[in-house]
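In: Sequence unavailable; structure follows:
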């Protein structure tokens, strides 16, 4: 039985991943700052640890999925918060690598979290994994996070850097904040509505992580987005149609900037039109390639 260590395992993506790993017969350990809370949302067979040293008593870790990181959305980006983003991603990944190096045993494969913010604001340019990035705080954060994960490659691990888009599913993520407005008929596009939103159904993202763990030829950057990126205007239109609600109440750019500052500029008012070239070229098949089918599966079925 292969042993997988998941960090960020009690989060929106992590808890779905852990369930699938357990169902597939993996031994799963989750590193958590709050094991009591994590126990409430994870399968009972998951082994919870609060310190890396607790791994010393467990079988060797064959795979590491590193999803830990303070959430970027929801509040203004103060300098203190940005320091927390760096510490919880970049510095934490250094700690992971230092632990495995000292133990003298490195995972065979590492799937390290990142985000499509790596590419910076890019208007309607189609971005595959070879695209040139534009400078921004999000780009610098993701690049530093990815750079630290590459240290595992120097130890002998196969490393995939998973650049995740907006993850959609019931029970959390972006939809949790959008649905109340849209259900009351108060939803609509953000800003100009022309910025691209690259999304993925949580089911497909979990499947892609499992695929990356098992596909020995796959390494390097990997876009975790569906092929069918849409504009903010199109996203609002489709979500409204699925909910049978109007979706014409625009959130003006000035209000977003006033409320959220730099966070609004990077996460809400600009976007990336990302294409998962490496996943598709390697043989991965998405269950949900088009937005309407994904939202219908989440909200109707």
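Out: Alright, I've got the coordinates. All values reported here derive from a predicted model rather than from experimental measurement.
In: And the helices in the chain?
Out: With DSSP state H as the criterion, the chain has helices at 12-23, 35-41, 79-86, 92-103, 137-149, 151-154, 173-183, 202-214, 232-243, 253-260, 262-263, 277-281, 291-299.
In: what's the closest of the ones you listed to residue 115?
Out: helix 137-149 (5.5 Å; Cβ to Cβ). The way it works is simple: take the backbone N, C-alpha and C, and place the C-beta from them, glycine included.
In: for the residue nearest to residue 151 when sequence neighbours are not counted, what are its contacts?
Out: Residue nearest to residue 151 in three dimensions, not counting chain neighbours: residue 97, with 4.7 Å by Cβ to Cβ, 6 or more residues apart in numbering. By Cβ atoms under 8 Å, 6 or more residues apart in numbering, the residues touching residue 97 are 148, 151, 152, 155.
In: Name the nearest of the residues you listed relative to residue 46.
Out: Nearest member of these to residue 46, counting by Cβ to Cβ, is residue 152, at 22.6 Å.
In: ok, that closest one - contacts?
Out: Residue 152 touches 64, 97, 100, 106, 107, 110, 112, 159, counting by Cβ under 8 Å, 6+ apart.
In: would you list those residues in a markdown table and tack on pLDDT?
Out: As requested, those are arranged in a markdown table below (pLDDT from 0 to 100):
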| residue | pLDDT |
| --- | --- |
| 64 | 98 |
| 97 | 96 |
| 100 | 96 |
| 106 | 93 |
| 107 | 97 |
| 110 | 98 |
| 112 | 97 |
| 159 | 98 |
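In: Which single one of the residues you listed is nearest to residue 199?
Out: Using Cβ to Cβ, those come closest to residue 199 at residue 112, 20.9 Å.
In: Look up the closest residue to that closest one, ignoring the ones flanking it.
Out: residue 149 (3.6 Å).
In: do the same with residue 146
Out: residue 161 (4.6 Å).
In: check contacts around residue 99.
Out: With Cβ under 8 Å, 6+ apart, residue 99 has these contacts: 52, 53, 55.
In: Hmm, residue 95 and the first one touching each other?
Out: Yes - using Cβ atoms under 8 Å, residue 52 is in contact with residue 95, at 7.2 Å.
In: How far off centre is the helix or strand of the chain with the lowest mean pLDDT?
Out: The helix or strand of the chain with the poorest confidence is helix 253-260; it has a mean of 80 (mean pLDDT, DSSP states H and E). With Cα atoms, centre = their mean, to the nearest Å as the basis, helix 253-260 stands 24 Å off its chain's centre.
In: and what of stretch 218-229?
Out: With Cα atoms, centre = their mean, you get 11 Å for stretch 218-229.
In: pLDDT on that stretch, on average?
Out: Mean per-residue pLDDT for stretch 218-229: 97.
In: can you pull the buried residues of that stretch?
Out: 218, 219, 221, 222, 223, 224, 225, 226, 227, 228, 229 (16 or more other Cβ atoms under 10 Å).
In: Between the two ends of stretch 222-239, how far is it?
Out: From its first residue to its last, stretch 222-239 covers 27 Å (Cα to Cα, to the nearest Å).
In: hmm, I was thinking of stretch 98-112
Out: End residues of stretch 98-112 are separated by 15 Å (Cα to Cα).
In: picking up where we left off before, show me the buried residues of stretch 218-229 that map onto strands.
Out: For the buried residues of stretch 218-229, the ones inside strands are 221, 222, 223, 224, with DSSP state E as the criterion.
In: my read: the third one touches residue 276, true?
Out: Yes - with contact defined as Cβ under 8 Å, residue 223 counts as touching residue 276 (4.3 Å).
In: shouldn't residue 279 be in contact with residue 208?
Out: Yes - judged on Cβ under 8 Å, residue 279 makes contact with residue 208 at a distance of 6.1 Å.
In: Find residues that contact each of those two.
Out: 222, 224.
In: Would you mind listing the residues in contact with the residue nearest to residue 250 when sequence neighbours are not counted?
Out: Spatially, and ignoring its direct neighbours in sequence, residue 250 is nearest to residue 188 (4.9 Å; Cβ to Cβ, 6+ apart). For residue 188, the contacting residues are 236, 240, 247, 248, 249, 250, 251, by Cβ under 8 Å, 6+ apart.
In: Just give me the closest of the ones in strands among the buried residues of stretch 218-229 to residue 174.
Out: Nearest to residue 174 among these, with distances taken as Cβ to Cβ, is residue 224, at 14.2 Å.
In: Distance check, the closest one against residue 239.
Out: From residue 224 over to residue 239 the distance is 21 Å, taken as Cβ to Cβ, to the nearest Å.
In: for residue 48, same thing?
Out: 36 Å.
In: what about these two, which has more around it?
Out: Neighbour count, other Cβ atoms under 10 Å: between residue 48 and residue 239, residue 239 has more, with 24 against 18.
In: Nice, that's everything, thank you.
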